[in-house]
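> pasting the sequence and the predicted coordinates here, then a few questions.
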Amino acid sequence: MSAGAAGTLASENSVGGAKPYLKRKKSSLGETKIAVLGAEGVGKSALSVRFITKRFIGEYDQSTESKYKYRTIVDGEEMAFEVLDTRSVNEDCGVREDVLRWADGYVLVYSMISRKSFVMLQEVQKKVEEFRKGASIPIVVIGNKADLAHMRQVTQEEGQTFAETLGCPFLEVSASEDVTNVTEAFHSLCREIVDYKRRSRTFFERVFGAFGKEKVSS
């Protein structure tokens, strides 16, 4: 674990169905819940574990879904991460109602060497938007397996354009070789989530603050 990390690393596993640990509970500015979504085999588990432990593990049990808890420092502030490494069931890319309701933000992952995974990711984004009813959603798009660029099926420009349509950050990374950019991807999403929470909090404070003043004045 890096020098900037603090606290505990823990994981929970599930084999599918409604998950007790995915019950939605409002998170504070110092907490962030991230769901990693994408097709089977794109490297969701490798990315999640690389971010949390700084180690690369090549093989994972794809029949399970894991949630990791991790505390680290982002921009000088301690942040408590919960990272859900989703399982893709029948090519749903982990996009299920309990997952979408639970998360504060989403890492959308495709493999640079699989055009199918990139096309599927665009369907993932549509499902996320439909569930969140068009609300602004903290997202980061990751093109994984940059170490296999000679086998590339998705250009960097395509990934960048897709992210620009969502108004979100985009990174090409290698979970096996590139811990710095993997970490930056998760930290970037964390910043988006914190900013979103602050803007939402300010909005509700304005609305309910004004409502409260009207009640007092009456």
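That came through, no problem.

> show me the contacts for the nearest residue in space to Gly43 that is not next to it in sequence.
If the residues on either side of it in the chain are set aside, Gly43 comes closest to Asn144, at 4.3 Å by CB to CB, 6 or more residues apart in numbering. Every residue, glycine included, has its C-beta placed from N, CA and C. Applying CB atoms under 8 Å, 6 or more residues apart in numbering to Asn144 gives the contacts 42-43, 46-47, 109-112, 172-175.

> so how far is Met112 from Asn144?
Using CB to CB, to the nearest Å, Asn144 is found at 7 Å from Met112.

> got it, and Pro169?
Distance from Pro169 to Met112, by CB to CB: 17 Å.

> ok, these two, which is more surrounded?
Ranked by neighbour count (other CB atoms under 10 Å), Pro169 and Met112 place Met112 first, with 27 against 17.

> may I have the phi/psi pair for the more buried one?
phi -60, psi -20 (degrees, to the nearest 10).

> wait, isn't it in contact with Asp147?
No - the pair Met112 / Asp147 is not scored as a contact, 9.4 Å apart, by CB atoms under 8 Å.

> who's in contact with stretch 43-56?
Against stretch 43-56 from outside (CB under 8 Å, 6+ apart): 1-2, 9, 36-38, 57-58, 60, 62, 66, 68, 70, 81, 83, 85-86, 94, 107, 109, 111, 142, 144-145, 173, 175-177, 179, 182-183, 185-186.
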